[in-house]
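Participant: sequence first, predicted coordinates after that:
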Amino acid sequence: MVSAMIDRILFVLLVSVIIVIGCSNNDQTTGPAQKPTWEEFRAFHLDHWAPDRYQLYLEWAYGQSDDDSISALEISHHLPDQQDSAYFVMTLRYNQFAWGWDDATLQTSTLDSFSVSNPPPKILSDLTTPNSGNRMKCDSLFHAI
């Protein structure tokens, strides 16, 4: 009886060792996800946020396509000319840039639903800020770097 118990314990230990060794030899594809790089964040951002959509929103909502020409409290930041870190962080962080995301929607309306004669609402609160899954994904990438 003691011998059977020792055999069972040894068997369990052997199986445990085999499992541990097998797990440590797995390649990285089955391990935890690798941290995104700045380049991956930047590429995703460039694929999904475009200054022309932002400028179109400004033109329709404010009559100007350059945020430097707009004096409104809700237009508190100006899009940098260079695509430096400030450019990427600002367009991600501040709601005024939300219409620049390719999947931006306000309720069921996309930017294409509006025009100069039917402008999108100015972004004055969360109720008038379009939602974007790509903006949220890009934010997750940024915070994971």
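Facilitator: That came through, no problem.

Participant: could you pull up the mean pLDDT of stretch 52-71?
Facilitator: Stretch 52-71 shows a mean pLDDT of 97.

Participant: now do the buried residues in that stretch.
Facilitator: Residues of stretch 52-71 classed as buried: 53, 54, 55, 56, 57, 58, 60, 61, 62, 65, 67, 70 (neighbour count, 16 or more other C-beta atoms under 10 Å). Where C-beta positions appear, they are placed from N, C-alpha and C, glycine not excepted.

Participant: same check on stretch 95-105?
Facilitator: 95, 96, 97, 98, 99, 100, 101, 104, 105.

Participant: the last one against residue 130, yeah?
Facilitator: Yes: between residue 105 and residue 130 there is a contact under C-beta atoms under 8 Å: 5.7 Å.

Participant: from the buried residues of stretch 95-105, which ones fall inside helices?
Facilitator: Using DSSP state H, no member of those falls in helices.

Participant: residue ranges with poor pLDDT in this structure?
Facilitator: 1-31 (pLDDT under 70).

Participant: can you classify residue 116 as helix, strand or coil?
Facilitator: Here residue 116 is coil, with the state taken from DSSP: H, G, I helix; E, B strand; the rest coil.

Participant: ok, and the closest non-adjacent residue to it?
Facilitator: Nearest residue to residue 116, sequence neighbours excluded (C-beta to C-beta, 6 or more residues apart in numbering): residue 60, at 5.3 Å.

Participant: what about that neighbour, distance to residue 54?
Facilitator: 11 Å (C-beta to C-beta, to the nearest Å).

Participant: what do you get for residue 66?
Facilitator: For residue 66, the distance to residue 54 - C-beta to C-beta - is 10 Å.

Participant: same question for residue 133.
Facilitator: 18 Å.

Participant: what about residue 46, neighbour count?
Facilitator: Neighbours of residue 46 under the rule other C-beta atoms under 10 Å: 11.

Participant: equivalent analysis for residue 128, please.
Facilitator: Residue 128 has 15 nearby residues by other C-beta under 10 Å.

Participant: pretty sure residue 35 sits against residue 144.
Facilitator: Yes: between residue 35 and residue 144 a contact is recorded at 5.9 Å, counting by C-beta under 8 Å.
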